[in-house]
Structure formats: structure tokens, C-alpha cells
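**Q** with the sequence up front, the predicted model follows.
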4 protein chains.
Amino acid sequence: MANSAYQYVRDFEQPDALPPSNWIVVRIDGRGFSKFTTKHSFAKPNDLRAINLMNAAALEVTRSLVDVVLAYGQSDEYSFVLSENTTLFDRRAAKLATTVATAFTAEYCMLWPEYFPNQPLTRPFPTFDARCVCYPKRRILRDYLCWRQADCHINNLYNTTFWNMVLQGGMSQTDAELELKGTVSSDKNEILFKRFGINYNNEPLVFRKGSIVYRKYEMKEGEGSGAGKQADPTSRSQMEKERKRKMKAEVVVEHVDLIGDAFWEARPWILAGRRGEVGGE
Amino acid sequence: MANSAYQYVRDFEQPDALPPSNWIVVRIDGRGFSKFTTKHSFAKPNDLRAINLMNAAALEVTRSLVDVVLAYGQSDEYSFVLSENTTLFDRRAAKLATTVATAFTAEYCMLWPEYFPNQPLTRPFPTFDARCVCYPKRRILRDYLCWRQADCHINNLYNTTFWNMVLQGGMSQTDAELELKGTVSSDKNEILFKRFGINYNNEPLVFRKGSIVYRKYEMKEGEGSGAGKQADPTSRSQMEKERKRKMKAEVVVEHVDLIGDAFWEARPWILAGRRGEVGGE
Amino acid sequence: MANSAYQYVRDFEQPDALPPSNWIVVRIDGRGFSKFTTKHSFAKPNDLRAINLMNAAALEVTRSLVDVVLAYGQSDEYSFVLSENTTLFDRRAAKLATTVATAFTAEYCMLWPEYFPNQPLTRPFPTFDARCVCYPKRRILRDYLCWRQADCHINNLYNTTFWNMVLQGGMSQTDAELELKGTVSSDKNEILFKRFGINYNNEPLVFRKGSIVYRKYEMKEGEGSGAGKQADPTSRSQMEKERKRKMKAEVVVEHVDLIGDAFWEARPWILAGRRGEVGGE
Amino acid sequence: MANSAYQYVRDFEQPDALPPSNWIVVRIDGRGFSKFTTKHSFAKPNDLRAINLMNAAALEVTRSLVDVVLAYGQSDEYSFVLSENTTLFDRRAAKLATTVATAFTAEYCMLWPEYFPNQPLTRPFPTFDARCVCYPKRRILRDYLCWRQADCHINNLYNTTFWNMVLQGGMSQTDAELELKGTVSSDKNEILFKRFGINYNNEPLVFRKGSIVYRKYEMKEGEGSGAGKQADPTSRSQMEKERKRKMKAEVVVEHVDLIGDAFWEARPWILAGRRGEVGGE
């Protein structure tokens, strides 16, 4: 029963390394979460316990994978951005997607009792699919993140209006849906303000902006500018030093705008290249 | 903050549908399991609680995905075979790999207390990577499964001998490794028998053969032969009927040889095509 | 000016080997041939010189690539079928597609004066794009060839009717198109017969069936059945012997039906596997 | 004989569109050219007729494909650079590779008599394979071109030395090869100078630098800087205007250094983005 006669089956595996010099986004999405949230009675339009659980899981995943430079989450999805030059798992797409997705799933399941202490998790257990997408330029990666944050805003404005119409306004879900059909942002803002006295802009940032997870460094002088560096940043010892520094760095969760430049300008190391350049690619 | 300006980032997602008319194997592998098993004090060479936990998780995954026709597990890996013509997730590789891997991970974490009641699961939590491989012919798929079962045998014979030398024979791990270097199967069998009175062939089948998970049908007359069928098996109502029948079918775990023909001949429906043909492809 | 600093750019090449144990079809298509045929005054509905030129080019390509087991051509396209287990160019898709396409293009250009002696070839010169498609089963490969031959029939019946209406019947192209809209095969057969006395079934086979190019062997006893073989067909010397035999075999062009079984049953070696099996895969 | 039953075979074609916002290099390589050049008695170490033929073919290909922004050739290879945002053939890899390769092959065959008037082209005719490679950044694309030009230099220095040793020095090819083994550039320069009075730096640029093909525009004021533009460069009419301008632009062949910045700074439009930006990506 030697297995050499069967080894040829390995040739059927197809290589799936993602091309070098591209930012890699691994986005996970909750599977069947509309059913899951109903079954576990999530609050509408937003359940803060559920958001905090998502963020806690993302924080642990980011902590354990130092090549994650930033993660952005909203609703039942989270996007993990891997450094442009990461060599994690030799950039193999299946390894990256399944590692992030299973790590997130394990954290979500294990952290659940902390956030939903009185509600045991029942089958079907929460799971997440994942996909990898490559972004060849920093500017396009930023547009990807803008896309997700703009999506968060649009959905949250809709959901906030809809659920106020239903829960406070006593409308049926069908009627609320019907009335909202074709409305634009200003219409929804007006409904919220006129009928329910809600100024949408005062809603909590965590709902309006989603959640950003990243490593908080103390910037050292000259960093992020490419200037004044003497140690070769690609040398093995420098890279190891860098890895250790990232392992020790505090990972934080924030709820701020990342569409404008302010967020990035204040944290230049997040999208810095391997050599610390921030500017032209 | 409309998101239309950012929608172009979606064009960077690459299609990843696997080619039609190929058996799809999704194989999951425990990540960092040698550390994990040490930390959680798994018995050597085999920990029956851990094997039972793997099998219980595989059973649940198989139950929830009716297109899984068979799963084979050994050590910290499990291969899920999807029907040749499955249209699950439009055969998208990332969806398939992450769905199977996260479902398995969730089950493993949630079922843990049942199998290790006195040992809380601690970080890093168990996770599994996964990959999809396409096999164009039934015969090659069977060779894949032979490869994994032959591998199970080879590893188990080695581990059984090694750990008896260490645990019963009092050798150091280094010495045992050294002595086993270059030995063939018969040498190991002899060590086991002469030194420890162990006839390897009497070792439990679950260790020697691994675990096979599949749906146990009652074969209806004429089935699996393609003969005597009248209903069109590709019609929507027939497919739905078939799906329901699979949902209801008992899922079992067995520890038997799948290298020879006997297993397959006794269970012709497992690798039957969509129309019930078993023979020439 | 050493080039070692630039070598990293090689890492951007993505592997493109096609999966093993799949029939590979390389189909070439004339680029912009409706313009090209007009410019070079091809006869309508079929120009026999042009068809003969296509076939002559296909013959040379088949002759030069022994792993081509069959080629099928119609109109300005040709499909080259490569043996299921070919290792030509390590099955790399780009190599296969460009080699076949450029060899065909070179032959087409160089053979042109033989078939169009009084018409010099002018810019834009004839070119062909190509794509590779994998077929995992013999039966599906045959369906691919059926698809192309059925397409040949459908187009030729339409074109024969259309051009008779225009050239013999004196109709404008617009009127002919209009009248043919929505007609089925029997309608076109009737137009041909009633108006122009043409029995479509008597039209030349080369127009109705397209062209099949393949190697004509003398079958040796026991071949194609897998029975009675003694020499290992995968040994290096046997494979070399086989290659030489193919190099010497006559390559022929025929115009016959390949949708039914007759063609294949009379020439079992064409789709035989590496070991000469013809039956179940 | 309707073909609808066979249409399913189309589902086996795999999509192969290259990711957006990447420079695409299509590199063609002569197949079996060492045999081909021997058979057609090419001069050693460089045959100017052959180089001119390669360049003439590349010029025609560049002329016919307006999205080719630059082509670089040396020996029997040519790299065609397609604009970062080209939508030619929807960026499908097989279409791009085979179109460029067959166009080049056709030109090479048809132009042959002009450059080798007394030598008819015989079988096997010259053919070229091709591959597509994506470069995500302008800087990496430039490194790719540097790699090819550095390669040209290294090969040409070697070949010039080798063939002078053989043809002028009367050494056997084996002896020349042996002596050159392990030598560095300065060694070869010295052999050339001391033994044959050749100053390598005075060798023709076409041999030392290879050939660059590109469109020569008159730069209009404000172009290439992104400043002062008023018309939307992505509007349909602007793009059509741009296409026409490119069609009319003179295509030139030059033999200069492209490793330094000078070439690019003097011709900023070559690698300008869609909106004319040259700077940061």
C-alpha cells in the first residue's frame, strides 16, 4: 500500500499565487446572516453587541497576522488589507482566504458568549465566506475602502429611516419599503428629522462610518517619508525587527472617515511601502 | 457620498469558477496543529477524542451541504468530495473553499467541549486552511482518495511504532527517529511485534483506515444502473426531489478500505453521475 | 549594466499550465475575415480555393505537431484537438495557442500564391486568434466537435439559400435576409428546391460537413482494444517509437459526418488513450 | 442536426481577462530560431538584414494596434507594451497574445523577400510564441524594459567576443566557449580590444541597445503634465479623437538607452496615463 502510484493526483492542484506588488484585500461576508440575525434577535437597525463582536474578532485576526495593515468592517462583512508586498503563504489565494475566514469564524464563535451572554449559539453556526482581490495601486485600494464606507453610509441611512418608520412610526414593513422607494438621501434625512426628531448626523459614528482596525505605532522621526533611513529595510534582520515591532504595536478600533485624506495623512505608516515611501508608487 | 464613483473597484475581482464536469475535492488541513495538539495534550500516537471530534464536525458539514457525496478524513485533514456536476456557489473556488473551511472550523470549536469536557479551548483557536482541486475522471478521484488512505496507513504505522518505542520502550524521541530512518513497513511491523507484542493488523480500523463519511441510501430497484428509469433526472422537480431525499438520508461514518473495489461496488450511488450512471464516463 | 537587479520582473509571469487528463482544443479563428474575404473577392457562398488553402495549412500544422490527434475546420476557423495526456510545452496555454496560431498563419500566408495565383496578398495580412479549451471526457470532446459540425451545417444551409436568392434569384441582400428571418431548415430546403432546383443534400460534402484532418494509421492487431499488449506504452522507448510512427503516418483530409458513431468506430486510434484504451475513461 | 444540444460545451471556456490598471507586455519569441538562423545562413554575431526585418514587422504591428505604446526588440524577441488602461479585446490574454503573435508572424513572412531577396523562405516557416505579463506600476514596467535591454547588452557583448574569437581569431567554437566561461564584462572588453582592436563601445547602437518602436507625437502645450486640460479625456469623442491622432502619428524605430531617465523624460507621452498624468500613479 505504498502511495507512490497515487502521487500523480497532486499534479491536478493549480497554482494560485496572487501577482506581486498588489495590495491584497481579503473580504469576508457572513453567510445567511439575515436569517442568523433574525434567529438570534439582533436589534434593528443596528445591534451594538453584534458590531462589537465583529470588531473584537477582527481585532484578534489583525493581531495574529502582522501583514494585515488595516481592516474595515460594516454590517456582516470585514475587509482585511494585506501589505502590497506581503509574502504570507507565498501569496496563495486559497490559503489567504481560508486562513482569514476560519480565524474570524473561530473568534466569532468563541467570543460570542462574551457579547451575547444569555443567548447560546445554535446551529447553523455563523460562518463567513471570503475572497481575495488584488489592487495594483494605493489610490485604487483607497477607492476600494471608500466604496465600502460609502456603502455603509447608504445602507445605514436607509435602515435607520426604515426601522424608525416601522418601530417608532408604526408602519408596516411593506408600507415603509414602498414609501422609501426612489427616495434620495435628503428625503430620508427629512423623514428622520420631521417625523422622529432625529438628526442623522448625530447618530453614532460606529453606525455611520463602520469600524477601522489598525496598528497604532509611535512614528519615529523621518519615518514614512523615506528620508534619513540608513538601515536597509529589506534585510532579513530589519524585516524581523519590523515584524516584532508590529507584533508589539497596539491594535485599535476607530470609527472615522477614511474617504478624505485626513485619516491617511495622520497615519502615514499604514499604506507605506516596504521602504517606507508614502508618495508616488 | 454616493458610491457610484468607486464601483469600478469591483472590476478587479477575478472570476474563479471551476470547470464543469469535474469532481471537486475541498481538502481542509489543520493550521499549526502540531503545536495545537501539544498544547492541548493530545494522546500519542492517536487521540480518539480528537478523531471523534474531527468526524463529528465532518458529519455536520456533510449534512449541511447535500452536494458533498463523500468525505475522507485522517490526522488533522478532511477531504470533501463534491458531485461532478455540482452547481453549488456556481462552482466558485473561493466560495467553496471558505464555506467548507469555516463551517468545519465553527463545528470544531463548538463541539470541542463535548469531546474535551475538562479542557477549555484557548487561543490560538483551531483553524483550517482549504483548497479546491478538480478531478476530471471518476478513476482519478478514486486514486486521490487512495492517495490519502495510503498516506494514513504510512503515517499511522510510523507513528504507532515511534510512540511505542518512546512510550513503552523508553527510548528518546531522537533515538527512535534515528532507528526508524530508512526502515520499510515490514521492519516496523517486526519492531511492533517483537518488542511490544503488537500485531499492527489488529490495531483499530479507525487508526489504520481513517474515516469515511457518506449518505446511506436505501438503493431503489434499478438505481445506479441507469436502467429502467423513467423520470427525467435533470428536470427541476426531480432534482428537488433528489435534494430532499439527500437531506433526509442518514449520514454515516465508517472506517473501511476504499482502495479496493468492494467499498464502491457496495455503494454505487456515491460516485454515480447525475443520471445515475456508474459505468463509463 | 548587470541585469540581476531587474530579474524580479520575471515573478510577474503567471503560470498557465492546463490541468492534466483533459483533451485540449486549440481553436483558431480568422480575424476580420468578412472584410478580408470581400477584399480578396472570395466566391459566395463558398470559395473552394479558400477552403483548400485552410485545409492545406491545417494539414501542415497537424503534420508538424504529432500530439494533434484530429483537426476540424469550417469557414475561417479550425479546431486542433491535442491528445488528452499531451505534455507539449508542459501544457502551457499561451505557448499552445500561439504556436498553433502562428504556424497556421505562416502556412496560410506562404501557401496563398498556390491557391490564389493571380491575387497577391495585401495588407492587412490574414491573421488568426486562438484559444485553448479543456474537455475532461472523450464524450464531451465529441460533443464539442458535433457542435462545430452542426454549426457548419446551419451556416452553410443559410448561406447557400441566401446567396442563391441573391445571385440566382436577383433579390437584394436586404430582401433575402428579411425573407429568411425566422425560417427553419425545411423552409430553406424548400426555397432551394422550388426556386432553384437545388437538392441541398446533393451539395458537396466539403461544404456541408466541413473538413476533418487526422493521421491515417494501419491498425495493428489488438490495438485500440487495450488487449494483448505487452510493451509498456508509457516507457520512454515506446513513446519515442510511437512518436516516430506518428511522424511517418499519412495525414489526410476528409469531409464526412463525425456526429454519429461510424466515423469514430472505424478509426478507434484517434481518441484512444495513452494505453490504447478506447472504452470507459 | 440543431446545435442547441451541444451548446453546453461552451461552458468549458475559462475567462482570461487580465486585471485592470496594469501595463500589459506581450512578448513574442522566435520558435526554434537557432536552427532557423543556421538554415538561412544568418551572419554572426548579428545579421543586420534579420534585425531590420524584425523591426519592420514590429513597426507594422505597432502601427495596426494603437494601444501599443512602445515595443522593444532584440535578438529573436520583441516586447509590445500595451497601455495600462487598454480595453483591447476586453484585455483577454489569449486574444492579445495570439493577435500580436500572428500579426508579427504574417509580417515577418511577407516582408522576408524584401530583406532576404535571394533566399526563399522554406519550411519550417518562422513562427513566434507569445505570452502576456501584467505590470502593476510604471516603475516596474520600466524595470521590465531595463531587464530586456540589459539582457541585450550581455548577450551582444558575449556574442561579439565569441564570434570574433572564432571568425577573426580562428579558434574552434569549443575553445572560445571554454575561454569565455566565467569571464566578466571587462574581460570580454579586453579580449576584443587587445586581440581584435575593437572598442566595444564603438559597436553600432542597434546591436548594443536593441530597437525601440514608438509613436512620435508633437507634444501639445500643457500635455503630459495634467495641467491646463479642459476636455474630459475619457469622453467618447475625446477618446476617438485620441485614437485618430495615434493612427496618424509617425511610428519610429530608435536604438538608444532606455535604462536611464533621459529617454522617458524627453518622451513623456509614452507612459502617460489615460488622463495624461506622468507622475505618481
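**A** Received the coordinates, thanks. Only a predicted model underlies this, so the values are computations on that prediction, with no experimental measurement involved.

**Q** write out the residues of the stretch 151-281 of chain A neighbouring chain B.
**A** For the stretch 151-281 of chain A, the contact set with chain B under Cβ under 8 Å from any Cβ of the partner chain comprises A:151, A:153, A:154, A:259. Every residue, glycine included, has its C-beta placed from N, CA and C.

**Q** what sits against residue A:78?
**A** Contacts here follow Cβ atoms under 8 Å, 6 or more residues apart in numbering or on different chains; on that basis residue A:78 touches A:27, A:28, A:54, A:57, A:58, A:71, A:72, A:104.

**Q** do the same with residue A:42
**A** residue A:50.

**Q** just to revisit the earlier point, can you pick the most crowded of the residues of the stretch 151-281 of chain A next to chain B?
**A** Counting neighbours by other Cβ atoms under 10 Å in any protein chain shown, residue A:153 comes out on top of these with 21 neighbours.

**Q** name the element that one belongs to?
**A** helix A:138-163 (DSSP states H and E).

**Q** who does that helix touch, helix- and strand-wise?
**A** Secondary-structure packing of helix A:138-163 (3 or more Cβ pairs under 8 Å, 6 or more residues apart in numbering or on different chains; DSSP states H and E): strand A:23-30, strand A:68-74, strand A:77-82, strand A:128-135, helix A:173-180, helix A:185-196, helix A:205-209.

**Q** so which bits of it are buried?
**A** By 16 or more other Cβ atoms under 10 Å in any protein chain shown, the buried positions in helix A:138-163 come out as A:138, A:140-153, A:156-158, A:160-163.

**Q** stretch A:258-267 now?
**A** For stretch A:258-267, by 16+ other Cβ under 10 Å, it's A:258, A:259, A:263, A:267.

**Q** distance between it and the chain's centre?
**A** Relative to its parent chain, stretch A:258-267 has a centroid offset of 17 Å by Cα atoms, centre = their mean, to the nearest Å.

**Q** which other helices and strands does the worst-scoring helix or strand of chain A on mean pLDDT contact?
**A** Within chain A, no helix or strand scores below helix A:236-248, which has a mean of 83 by mean pLDDT, DSSP states H and E. Contacting helix A:236-248 under the criterion 3+ Cβ pairs under 8 Å, 6+ apart is no other helix or strand.

**Q** tell me the helix or strand right after it.
**A** strand A:250-254.

**Q** so what strands line up beside that following strand?
**A** With DSSP bridges as the test, strand A:250-254 is paired with strand A:211-216 (antiparallel).

**Q** returning to that earlier point: between the residues of the stretch 151-281 of chain A next to chain B, which is nearest residue C:204?
**A** Distances from residue C:204 to these, taken as Cβ to Cβ, are shortest for residue A:151 (61.4 Å).

**Q** and the pLDDT at that closest one?
**A** Looking at residue A:151, its pLDDT stands at 97.

**Q** picking that back up, so which of the buried residues of stretch A:258-267 comes closest to chain B?
**A** residue A:259 (7.0 Å; Cβ to the nearest Cβ).

**Q** what separation do you get for that closest one and residue A:147?
**A** Computed as Cβ to Cβ, to the nearest Å, the residue A:259 to residue A:147 distance reads 10 Å.

**Q** same check on residue A:199?
**A** Separation of residue A:199 from residue A:147 (Cβ to Cβ) stands at 26 Å.

**Q** so who does the nearest residue to residue A:192 once chain neighbours are set aside touch?
**A** Excluding the flanking residues, the one nearest residue A:192 by Cβ to Cβ, 6 or more residues apart in numbering or on different chains is residue A:198, at 4.2 Å. Going by Cβ under 8 Å, 6+ apart, residue A:198 touches A:160, A:164, A:192.

**Q** any buried residues in the least confident helix or strand of chain A, and which?
**A** Going by 16+ other Cβ under 10 Å, helix A:236-248 has these buried residues: residue A:246.

**Q** ok, now stretch A:116-130?
**A** So, applying 16+ other Cβ under 10 Å, buried residues of stretch A:116-130: A:116, A:121, A:125, A:126, A:127, A:128, A:129, A:130.

**Q** and that stretch, how far apart are its ends?
**A** Stretch A:116-130 has an end-to-end distance of 25 Å (criterion: Cα to Cα, to the nearest Å).

**Q** which outside residues touch it?
**A** With contact meaning Cβ under 8 Å, 6+ apart, stretch A:116-130 is reached by A:26-33, A:36, A:39-41, A:49, A:53, A:97-98, A:100-101, A:104-105, A:108-109, A:112-113, B:60, B:64, B:94-95, B:98-99, B:102-103, B:105-107, B:110.

**Q** try it again at 7 Å.
**A** For stretch A:116-130, contacts defined as Cβ atoms under 7 Å, 6 or more residues apart in numbering or on different chains pick out A:26-31, A:36, A:40, A:49, A:97, A:100-101, A:104-105, A:108-109, A:112, B:64, B:94-95, B:98-99, B:102-103, B:106-107, B:110.

**Q** returning to that earlier point: how about the contacts of residue A:78 in JSON lines, adding neighbour count, distance to residue A:248 and pLDDT?
**A** Output for these, formatted as JSON lines (neighbours: other Cβ atoms under 10 Å in any protein chain shown; distance: Cβ to Cβ, whole Å; pLDDT from 0 to 100):
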{"residue": "A:27", "neighbour count": "24", "distance to residue A:248": "27", "pLDDT": "98"}
{"residue": "A:28", "neighbour count": "31", "distance to residue A:248": "26", "pLDDT": "98"}
{"residue": "A:54", "neighbour count": "26", "distance to residue A:248": "25", "pLDDT": "98"}
{"residue": "A:57", "neighbour count": "26", "distance to residue A:248": "21", "pLDDT": "98"}
{"residue": "A:58", "neighbour count": "27", "distance to residue A:248": "19", "pLDDT": "98"}
{"residue": "A:71", "neighbour count": "27", "distance to residue A:248": "18", "pLDDT": "98"}
{"residue": "A:72", "neighbour count": "24", "distance to residue A:248": "23", "pLDDT": "98"}
{"residue": "A:104", "neighbour count": "28", "distance to residue A:248": "23", "pLDDT": "98"}
